[in-house]
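> pasting the sequence and the predicted model now:
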Amino acid sequence: MDTVEPTQTDSHINQAVSSNLNEIQRLLYAGFLPRFFAYIIDLIVIWSLNSIITRPLIRLTNLSEVKLWIDLFSVTNILQSIVFFLYFILMTWFFRATLGKMALGLSVESLVGDRLSKGQVVIRELVGRYISMAVLGLPYLVVIFTKKHQGIHDLFADTSVIKDRMKKLNQEIQSQQH
């Protein structure tokens with residue numbers, strides 16, 4: 001049986017990886033455009049869910065005109081917001097990806113552990129998204145400028161979005177760093 005001894009070549013590769021880690025991480029993590037297109041796909045899915053389920057249900061129950069003080073707090077807006085946030089929370093919790101991310105080969109990864117915690121998912125998908133949307137989505141642009149392509153919602157939750165085909169390489173790099 002042959003045994004494989006670490007060679008000088010392995011040492012050079014490890015050294016090259018260590019010295020170029022920032023550039024390698026920019027390749028591992030999903031940048032702005034793939035995440036943007038995944039989000040567009042997700043918005044189409046959410047619009048479809050609301051068109052098929054929420055709006056007909058509201059019309060059937062005659063609640064389309066019901067609101068609290070202003071139109072922003074209408075039954076329609078509240079239910080559609082619930083569908084929006086539940087979609088992101090449940091998909092990320094159960095699959096580590098929404099349908100848009102799945103279609104583009106992306107997934108959400110924890111930067112502090114092996115598995116996403118419930119707290120990370122809620123902070124990322126509810127609190128972080130709400131804050132980002134409250135300021136017209138501008139915090140999403142932070143993805144362009146951070147080393148691991150993290151948005152504000154990722155920074156809050158210690159997460160990032162990684163290209164699925166790069167997961168194994170990322171795990172190997174992370175294990176060598178520890």
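Great, that's in hand.
> give me phi/psi at the spatially closest residue to Gly128 that is not a sequence neighbour?
Closest residue to Gly128 apart from its sequence neighbours, by CB to CB, 6 or more residues apart in numbering: His153 at 2.5 Å. Yep, even glycine has a C-beta here, placed from its N, CA and C like the rest. Main-chain torsions, His153, degrees, to the nearest 10: phi -60, psi -30.
> what's the neighbour count on His153?
Residues lying near His153 (other CB atoms under 10 Å) number 24.
> next one: Gly105
15.
> what does Phe88 give?
So Phe88, with other CB under 10 Å, has 22 neighbours.
> quick one: it from Gly100, how far?
10 Å (CB to CB, to the nearest Å).
> where does the prediction get shaky in the protein?
1-22, 24, 66-67, 170-171, 173-178 (pLDDT under 70).
> ok, which stretches of it are strands?
For the chain, applying DSSP state E gives strands covering 106-110, 159-163.
> quick one: common contacting residues for Phe88 and Gly100?
Asp42 (CB atoms under 8 Å, 6 or more residues apart in numbering).
> export the strands of the chain to JSON lines and tack on distance to Ile44 and mean neighbour count?
Output for the strands of the chain, formatted as JSON lines (distance: least, CB to CB, whole Å; neighbours: other CB atoms under 10 Å):
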{"stretch": "strand 106-110", "distance to Ile44": "16", "mean neighbour count": "22"}
{"stretch": "strand 159-163", "distance to Ile44": "19", "mean neighbour count": "24"}
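> I appreciate the help and will end here.
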